[in-house]
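In: Dropping a prediction and its sequence here:
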Amino acid sequence: MERFDYIIIGAGSAGCVLADRLSADGRHRVLVLEAGGSDARFWIKTPIGYGRTFADASVNWKYQTGPIPGLGGRTMYWPRGRVVGGSSSINALVYCRGMPADFEDWRAMGNVGWGWDDVRPCFEKSERRVDSSGHALTGGALDVKDVSPHLHPMGRNWLGAAAELNLPVTDDFNGPNPEGLGSYQVTIRDGKRRSAADAFLRPALRRDNLKLETHAWVSKVRVSEGRATGVEWSRDGAQQVAVADREVILCAGAVNSPQLLQLSGVGPGALLAAHGVTPLVANAAVGGNLQDHLAVVYSFKATQPTLNNELHSAFGKLRAGLHYLLARSGPLALSVNQFGGFLRADPAAARPDVQLYFNPVTYGTGDATRTRIEVDAFAGFYLCFQPTRPTSVGRIDIASPDFRAAPLIAPNYLSTDKDVGDVVHGGRLMQRIARTRALRALILEPIAPDLLSMNDSDLVADFRARAATVYHPVGTCRMGANSNDSVVDSALRVHGIERLRVVDASVFPTVTSANTNAPSLMVAQKAADLMLAG
């Protein structure tokens with residue numbers, strides 16, 4: 001039985017940051033337990049390798065939701081990282097903080113210290129901002145790179161559509177004016193993925209006071225007299241115990257953190273009792289408040305070559321591969337997500353209410369049943385939108401007292417009138433953009449269903465039939481002042497259990513307006529400040 005000051009459960013985005021920060025001064029012994037294995041894999045390090053890791057069970061939990069009423073009873077595939085670096089090792093590399101108003105909402109909900117001015121320094125602490133010429137503008141560890149000079153030339157059409165419709169344009173989604181159309185910044189360095197493990201964990205592992213255990217599956221947080229004392233974990237069937245003299249920190253993500261709390265006796269009392277788990281703290285909020293972004297893709301055959309031409313054929317793959325191996329450049333060195341933006345689809349919206357994607361690639365219908373990503377044989381591109389502020393909430397709950405059993409995921413998408421209205425507004429905006437001269441010049445023909453032929457009811461019916469997650473689940477260990485409807489307080493301490501915190505996207509009170517990796521890193525930086533100050 002080894003003793004540590006801090007035990008971190010999960011080497012994902014937040015866990016990597018905490019491992020670095022808590023071990024930095026050398027005074028504290030820190031243990032990181034990761035259920036997955038090493039991230040030293042070619043397709044993880046290669047930016048466009050996202051398509052290969054999307055359904056690779058060796059690095060991916062490959063979750064499935066239950067039937068979703070608002071989507072006609074469909075189930076949905078949920079990839080989540082099961083590897084050092086977590087989902088930052090298998091995501092599509094886009095770095096977006098979200099809108100400043102997102103965090104003002106958090107503060108207005110009673111979470112003191114989580115407004116925009118409070119969290120902005122925590123974003124900045126991680127970021128190594130790199131401009132389009134390759135010069136580092138800030139000194140953080142995580143590269144946030146502007147790769148606009150290397151993106152597909154059809155980006156000119158994207159900006160042309162903005163000009164025709166008098167839509168705002170921005171050169172920095174993470175700058176002072178993030179609203180508008182533009183190109184995404186990505187976490188890439190020297191043509192390779194820059195995950196949280198690369199930026200924070202791997203350098204920290206040089207310290208003698210930090211220990212990483214991989215293939216280490218935590219089954220339970222040990223609690224004695226209302227205080228977390230350590231964890232039980234196993235590897236290859238061998239049961240082990242680690243003791244925490246200061247704190248246990250859950251960084252297992254929006255799916256696994258509530259699951260582990262429930263397995264440890266913190267959650268809905270009746271649910272725990274039904275599975276034979278002794279309730280220590282009855283809290284129905286554990287696993288609740290699940291939010292996620294839901295998006296739909298509209299695909300088109302193109303009048304000019306796209307990434308499909310470079311990545312579909314055997315010759316194209318060989319050429320792109322050689323280009324990458326010899327020069328760390330070309331399509332394999334970039335994210336599949338290139339262009340997009342944040343706009344107000346609803347004319348009455350006070351702030352951006354949709355996030356858009358415009359990418360020079362297509363891969364089948366892109367629906368929620370897909371568990372493989374293979375580019376099409378013809379030149380193609382797609383348009384995509386996701387409402388940024390859904391109000392539908394669902395749950396994640398244990399299905400069994402066995403920690404190896406996947407939890408029940410019930411997203412409850414599209415269950416409010418507001419969310420249905422957002423679909424109509426977003427679909428209409430997509431139609432306006434697709435009808436511009438700039439976009440029409442790219443469209444050879446639509447791939448069914450035809451966006452331009454849909455009325456409002458068609459847009460909603462199609463969204464219900466084809467929309468899929470954008471892999472941004474949050475909120476299942478919600479932060480809040482009231483222990484009746486939240487799981488952790490504003491210092492991320494679990495209500496009712498001392499020396500136990502949750503630090504990951506599960507603590508978000510509401511989903512942010514963009515990709516969730518950046519705010520997950522921010523939450524960890526903020527948590528480290530709170531812990532080291534106390």
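Out: That came through fine. Being a predicted model, the structure only gives us computed values, none of them experimental. Numbering: from 1, shown residues only.
In: State the mean pLDDT of whichever strand or helix holds residue 162.
Out: Taking DSSP states H and E as the definition, residue 162 sits inside helix 155-165. Here helix 155-165 scores 98 as its mean pLDDT.
In: next one: that helix to chain centre, how far?
Out: Mean-position distance between helix 155-165 and its chain equals 28 Å (C-alpha atoms, centre = their mean, to the nearest Å).
In: repeat for stretch 158-174
Out: On C-alpha atoms, centre = their mean, the centre of stretch 158-174 falls 25 Å from the chain's centre.
In: got a list of contacts for the helix holding residue 162?
Out: Identification of contacts with helix 155-165 by C-beta atoms under 8 Å, 6 or more residues apart in numbering yields 148, 167-169, 180-183, 338-339, 341, 358, 432-433, 436-439, 441-442. For glycine as for every other residue, the C-beta is placed from the backbone atoms N, C-alpha and C.
In: Can you list which of the residues you listed are found in strands?
Out: Among those, the residues falling in strands (DSSP state E) are 180-183, 339, 341, 358.
In: Include distance to residue 42, pLDDT and neighbour count when you put those into CSV, please.
Out: Output for these, formatted as CSV (distance: C-beta to C-beta, whole Å; pLDDT from 0 to 100; neighbours: other C-beta atoms under 10 Å):
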residue, distance to residue 42, pLDDT, neighbour count
180, 36, 98, 18
181, 34, 98, 24
182, 31, 98, 23
183, 26, 97, 26
339, 27, 98, 23
341, 32, 98, 26
358, 28, 97, 24
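In: Tell me which stretches of the stretch 301-450 of the chain form helices.
Out: Ranges of helices within the stretch 301-450 of the chain are 307-311, 314-327, 417-434, 437-440, based on DSSP state H, counting those that start in this stretch.
In: and of the ones you listed, who's closest to residue 351?
Out: Residue 351 lies closest to helix 417-434 among the helices of the stretch 301-450 of the chain, at 13.1 Å (C-beta to C-beta).
In: just checking, what packs against the closest one?
Out: Secondary-structure packing of helix 417-434 (3 or more C-beta pairs under 8 Å, 6 or more residues apart in numbering; DSSP states H and E): helix 155-165, strand 354-359, strand 380-387, helix 456-466.
In: Output these as a markdown table; include the columns distance to residue 281.
Out: Formatted as a markdown table, those follow (distance: least, C-beta to C-beta, whole Å):
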| stretch | distance to residue 281 |
| --- | --- |
| helix 155-165 | 50 |
| strand 354-359 | 36 |
| strand 380-387 | 34 |
| helix 456-466 | 38 |
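In: so which of these gets nearest residue 57?
Out: Nearest to residue 57 among the helices and strands packed on helix 417-434 is helix 456-466; the distance by C-beta to C-beta comes to 25.1 Å.
In: in the closest one, what's buried?
Out: With burial defined by 16 or more other C-beta atoms under 10 Å, the residues of helix 456-466 counted as buried are 459-460, 462-464, 466.
In: so where's the stretch 351-500 of the chain shaky on pLDDT?
Out: The model of the stretch 351-500 of the chain has pLDDT under 70 over residues 365-372.
In: wait, what's in contact with residue 333?
Out: 46-48, 150, 188, 191-192, 324.
In: Please repeat the previous calculation with a cut-off of 10 Å.
Out: Applying C-beta atoms under 10 Å, 6 or more residues apart in numbering, one finds that residue 333 lies in contact with 46-48, 147, 150, 188, 190-193, 320, 323-324, 327.
In: again, but for residue 135
Out: By C-beta under 10 Å, 6+ apart, the contact set of residue 135 is residue 129.
In: Roughly how far does it sit from residue 129?
Out: 9 Å (C-beta to C-beta, to the nearest Å).
In: Show me which of the ones in strands among the contacts of helix 155-165 is closest to residue 376.
Out: residue 358 (16.6 Å).
In: That closest one pairs with what?
Out: Beta-bridge partners of residue 358, counted by DSSP bridges, are residue 339, residue 383.
In: wait, doesn't it sit right on residue 343?
Out: No: the criterion here is C-beta atoms under 10 Å, and residue 358 misses it with residue 343 at 11.9 Å.
In: Find the residues that touch each one of these two.
Out: With C-beta under 10 Å, 6+ apart, residue 358 and residue 343 have common neighbours 181, 433.
In: From the contacts of residue 333, keep the buried residues only.
Out: 46-48, 147, 150, 188, 191-193, 320, 323-324.
In: Tell me the one of the residues you listed nearest residue 509?
Out: For the buried ones among the contacts of residue 333, the residue nearest residue 509 by C-beta to C-beta is residue 193; the value is 29.6 Å.
In: how far away is the closest one from residue 140?
Out: According to C-beta to C-beta, residue 193 and residue 140 sit 17 Å apart.
In: what about the helices and strands packed on helix 417-434, which gets the closest to residue 116?
Out: That would be strand 354-359 among those, by C-beta to C-beta, at 18.4 Å.
In: pLDDT weak spots in the stretch 201-350 of the chain?
Out: Counting by pLDDT under 70, the stretch 201-350 of the chain has no low-confidence residues at all.
In: ranges for the strands of it?
Out: For the stretch 201-350 of the chain, the strands defined by DSSP state E, counting those that start in this stretch cover 210-213, 217-224, 227-235, 238-250, 266-267, 281-282, 294-302, 339-343.
In: Mind putting the ones you listed into JSON lines with distance to residue 494?
Out: Formatted as JSON lines, the strands of the stretch 201-350 of the chain follow (distance: least, C-beta to C-beta, whole Å):
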{"stretch": "strand 210-213", "distance to residue 494": "23"}
{"stretch": "strand 217-224", "distance to residue 494": "9"}
{"stretch": "strand 227-235", "distance to residue 494": "8"}
{"stretch": "strand 238-250", "distance to residue 494": "8"}
{"stretch": "strand 266-267", "distance to residue 494": "7"}
{"stretch": "strand 281-282", "distance to residue 494": "8"}
{"stretch": "strand 294-302", "distance to residue 494": "29"}
{"stretch": "strand 339-343", "distance to residue 494": "33"}
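In: Please identify the most buried of the ones you listed.
Out: When you average the neighbours per residue for each of the strands of the stretch 201-350 of the chain (mean count of other C-beta atoms under 10 Å), strand 266-267 leads with a mean of 28.
In: No further queries at this time; thank you.
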